[in-house]
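> Give me a 3D structure for the following:
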Amino acid sequence: MRCAIGCRLAGFSLAGLIALSPAPAALSQTAVAPSAIPQAPAARRPNIVLILVDDAALMDFGAFGGEARTPHIDQLARSGAMFTNYHTSPLCSPSRAMLLTGVDNHRAGVATIEEILPPSQKDKRGYGLKIEPGVLTIADRLKAEGYRTLMAGKWHLGHGEGALPNSHGFDRSLALDASGADNWAPKPYMPYYTEAPWFEDGKPATMPKRFYSSDLLVDRLRTYIDEKPAGAQPFFAYLAFQAVHIPVQAPKAVSDRYKGRFDAGWAAMRAARNARAKSLGLIPPDAPTTGMPQDARAWEALTPEERAVYARAMEVYAGMLESMDASIGRLMRHLEDRGELDNTLFVVTSDNGPEFSDPVHAPGMNIWMPLNGYAWRLDGLGEPGSLNFIGRDWALALAAPSRLYKFYTTEGGLRVPLILSGPGVKAGARIGAPVFVTDVTPTLVDLAGATGNPAGAAMDGRSLRPVLNGEAKTVRADHEPVGIEVSGNAALFRGSLKITRVMPPVGDGQWRLYDLAVDPGETRDLARDRPELLREMLKDYAAYEARVGVAKLPPGYTTQQQLMANALGRQKGSIAVMAGGAVALLLVGLGVLLWRRRRARRLAAASMCCTA
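Numbering: from 1, shown residues only. All right, here's what the predicted structure looks like:
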């Protein structure tokens, strides 16, 4: 018998989640291969909804200890499995490529993002920044098994003919072909873009003049789902929200629910999240944690006006999460009305850790923003016309109990939430085994009873079914390495051991060694204490680089400089048009001024003549 959504929420509490399991268990030494299961009849196969949140931290959802109200995501966590040791890549496009293919981002063709790609890497294999021929998405694989395949949201996996979702297995799609866009109107959010490129089924889409992105995406996905009667054909739906990517925007009424919630500042939030991470079992109770770094701004040193703006920025951030969750709830209710909710498998995760960028105070933004209808001020922050962001200090707080944030291969950039809920998933499961973004597609292919279509490139990930059904405590043996690299920032995992390299200007480019089982916050570098282990893991990383084809960066490379150079190159045409327009306006203005002066002289001469 189906249980209504409200019924499933009954009795939910964080205390209940704490009781689900202790801190993540130690890893076993047994490697587990993907499980083979009989193919189920099409009518009984589960629908699958893969929900990707943009730039959400490990603890942003209520079930993971977050401040925002996310009852529907929390419901899915309670009725399914929470993965507390899941790692993705530190950047959006590489993560999305791995999530949708099960293939390492370099092998998949999306080594980094175009906004920071240096010219020397453009011709390298794996750096075309679109999915390589022969690499199959989960939509490709499930479509071959009789699934309808649907998508709504951010794509950012290649442009033009052959690169959009309709060429990678999706029957229907509304896709944003950019790193982000405004949430209230179809317009760009940064100077790198001259427009917000939305496409439906591979063709330019006509968007409403006003909308809210989370609502729009769920509405479109519901429309696609309703194109077939319930139960007629299983579907796979990829729902890639813009929340909580810059610009951080939400309806005022929702943001207002958090008034005063963040007035104590970022240091207080980080301390509170550190404590909740221990009480919820996300880290061991005796694990060392850190507060804000020394170079963070002191909340008390800000002016009252600055504190008000930054506190409101986080109120909007929480409102954006709550608004997204409400849209997920509408989708769940719609599936319940169709009688399909109980046969739908949900996956909820994030592409990377929290965003630290401050676009508002970047060079030239004081000119670009008013030209594109944006402002940054307390009044109306997060509402239409507001280019809101949270910035580095809030990102450091959100990343607790981890170090740093998006783009870096520290735990703050890589460790994010993962929830699986639905058919074949035991309710209340709490899984602390290390799992990775490449494991999601093999798992969904497995749970769908699909063959996996061996004609495509071999997947790097593995099915999580053995840990979901209790057959195994881990997916990989402790000695099996898993590497990650994006634009020089890199990491390699072996069981609970991890080496990581953070590139300048944030890091020094040196490798460090951590044991995440006892030090998940990466507070103690073991490189000097265990030099032989570091050498072994560096050999593993070198083998990983050679296997997937990591290309070297040019000397002196920094992401900030490359982003500015690429943005200027991208904007050359529009800058020329703007400059031409400005010159034309100036000439017109000068002509009008000269004409007025000549006319005034003639009138004065005529007046003198008449009065003489």
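> just checking, residue 464 touches residue 435?
Yes: here residue 464 reaches residue 435: they are 5.9 Å apart, a contact under Cβ atoms under 8 Å. From N, CA and C alone the C-beta is placed, and that goes for glycine too.
> higher neighbour count, those two?
residue 464 (30 against 24; other Cβ atoms under 10 Å).
> Excluding residues flanking it in the chain, which one is nearest that one?
Nearest non-adjacent residue to residue 464, counting by Cβ to Cβ, 6 or more residues apart in numbering: residue 443, 4.4 Å away.
> measure stretch 289-306 end to end?
From its first residue to its last, stretch 289-306 covers 28 Å (Cα to Cα, to the nearest Å).
> To clarify, my last question referred to stretch 51-68.
Stretch 51-68: ends 18 Å apart by Cα to Cα.
> low-scoring stretches of this structure, by residue?
For the chain, the stretches flagged by pLDDT under 70 are 1-43, 452-454, 571-612.
> what about 50?
1-43, 576-595, 600, 602-612 (pLDDT under 50).
> residue nearest the centroid of it?
By Cα atoms, centre = their mean, the chain has its centre lying nearest to residue 54, at 2.8 Å.
> Which parts of the stretch 201-350 of the chain are helices?
213-225, 252-255, 266-279, 304-337 (DSSP state H, counting those that start in this stretch).
> Tell me how far residue 151 lies from residue 48.
Distance, residue 151 to residue 48, using Cβ to Cβ, to the nearest Å: 12 Å.
> Pick out whichever of these two has more residues nearby.
residue 151 (31 against 24).
> before we move on, the earlier item: residues in contact with both of residue 464 and residue 435, list them for me.
Shared contacts of residue 464 and residue 435, defined by Cβ atoms under 8 Å, 6 or more residues apart in numbering, comprise 83, 475.
> need the contact list for residue 425.
Residue 425 touches 80, 81, 345, 468, counting by Cβ under 8 Å, 6+ apart.
> Which of those are buried? Put it as a PyMOL command.
With 16 or more other Cβ atoms under 10 Å as the criterion, this PyMOL line picks the buried residues out of the contacts of residue 425:
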select buried, resi 80+81+345+468
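> now, which of the contacts of residue 425 sits nearest residue 158?
residue 345 (27.2 Å; Cβ to Cβ).
> picking up where we left off before, Serialize the contacts of residue 425 to a markdown table and add fields for secondary structure.
Shown next, in a markdown table, are those (DSSP: H, G, I helix; E, B strand; the rest coil):
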| residue | secondary structure |
| --- | --- |
| 80 | coil |
| 81 | strand |
| 345 | strand |
| 468 | helix |
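> neighbours around the nearest residue to residue 190 once chain neighbours are set aside, how many?
Closest residue to residue 190 apart from its sequence neighbours, by Cβ to Cβ, 6+ apart: residue 359 at 5.9 Å. Number of residues near residue 359 (other Cβ under 10 Å) recorded here: 20.
> what does residue 257 give?
The number of residues near residue 257, taken as other Cβ under 10 Å, comes to 13.
> OK, contacts around it?
Here residue 257 is in contact with 69, 318, 319, 322 (criterion: Cβ under 8 Å, 6+ apart).
> Likewise for residue 76?
Here residue 76 is in contact with 346, 348, 419, 421 (Cβ under 8 Å, 6+ apart).
> Output these in CSV; the columns should cover neighbour count and distance to residue 137.
Below are the contacts of residue 76 laid out as CSV (neighbours: other Cβ atoms under 10 Å; distance: Cβ to Cβ, whole Å):
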residue, neighbour count, distance to residue 137
346, 29, 19
348, 27, 19
419, 25, 21
421, 22, 22
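> tell me which of the residues you listed is nearest to residue 517?
Nearest to residue 517 among the contacts of residue 76, with distances taken as Cβ to Cβ, is residue 419, at 22.7 Å.
> Touching, that closest one and residue 63? I think so.
Yes: with contact defined as Cβ under 8 Å, residue 419 reaches residue 63; the gap is 7.4 Å.
> Can you work out which residues contact both of those two?
What both residue 419 and residue 63 touch, as defined by Cβ under 8 Å, 6+ apart, is the set 73, 77, 82.
> Excluding chain neighbours, give the residue nearest to the second one in space.
The spatially closest residue to residue 77, leaving aside those adjacent along the chain, is residue 63, at 3.7 Å (Cβ to Cβ, 6+ apart).
> Look up how far residue 347 lies from that neighbour.
Taking Cβ to Cβ, one finds residue 63 at 14 Å from residue 347.
> now do residue 108
19 Å.
> show me where the stretch 351-500 of the chain has strands.
418-421, 429-431, 435-436, 481-486, 489-494, 497-501 (DSSP state E, counting those that start in this stretch).
> partners of the fourth one in the sheet?
The reference is to strand 481-486. The strands beside strand 481-486 in its sheet (DSSP bridges) come out as strand 489-494 (antiparallel).
> and the strand it pairs with with strand 497-501, angle?
170 degrees (axes from the mean of the first three to the mean of the last three Cα atoms, to 10 degrees).
> How about residues contacting strand 489-494?
87, 90, 407-409, 413-414, 434, 436, 478-485, 498-503, 507, 537, 540-541, 544.
> Buried among these? Need that as a selection in ChimeraX.
To isolate the buried subset of the contacts of strand 489-494 in ChimeraX, counting by 16+ other Cβ under 10 Å, use the following:
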select :87,90,407,408,409,413,414,434,436,478,481,482,483,484,485,498,499,500,501,502,503,507,537,540,541,544
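> Quick one: which of the contacts of residue 257 is the most crowded by neighbours?
residue 319 (26 neighbours).
> Let me see the contact set for it.
With Cβ under 8 Å, 6+ apart, residue 319 has these contacts: 68, 250, 251, 254, 255, 256, 257, 258, 382.
> ok, so what distance separates it from residue 506?
Residue 319 is 29 Å from residue 506, by Cβ to Cβ.
> mind checking the end-to-end distance for stretch 182-200?
Termini of stretch 182-200 sit 18 Å apart (Cα to Cα).
> ok, which stretches of the stretch 101-250 of the chain are strands?
148-154, 172-176, 198-200, 203-204, 235-240.
> would you list those in CSV and tack on distance to residue 271?
Below are the strands of the stretch 101-250 of the chain laid out as CSV (distance: least, Cβ to Cβ, whole Å):
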stretch, distance to residue 271
strand 148-154, 33
strand 172-176, 36
strand 198-200, 41
strand 203-204, 48
strand 235-240, 33
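> Tell me which residues touch the closest residue to residue 352 other than its chain neighbours, please.
If the residues on either side of it in the chain are set aside, residue 352 comes closest to residue 406, at 4.8 Å by Cβ to Cβ, 6+ apart. Taking Cβ under 8 Å, 6+ apart as the contact definition, residue 406 lies against 55, 90, 91, 352, 353, 354, 355, 356, 395, 412, 413.
> The fifth one reaches residue 415, doesn't it?
Yes: taking Cβ under 8 Å as the contact criterion, residue 353 and residue 415 are neighbours in contact, 7.3 Å apart.
> Give me the common contacts of those two.
Contacts common to residue 353 and residue 415, judged by Cβ under 8 Å, 6+ apart, are 58, 402.
> what about those two, which has more around it?
Using other Cβ under 10 Å as the criterion, residue 353 and residue 415 rank with residue 353 on top: 31 against 26.
> Quick check on the more buried one: phi, psi?
phi -80, psi -170 (degrees, to the nearest 10).
> Distance of it relative to residue 110?
In terms of Cβ to Cβ, residue 353 sits 18 Å off from residue 110.
> And the residue lying closest to residue 470 once chain neighbours are set aside, how close does it get to residue 71?
Computed as Cβ to Cβ, 6+ apart, the closest residue to residue 470 that is not its neighbour in sequence is residue 426, at 7.6 Å. Going from residue 426 to residue 71 by Cβ to Cβ gives 21 Å.
> Since that was my last question, I'll sign off now.
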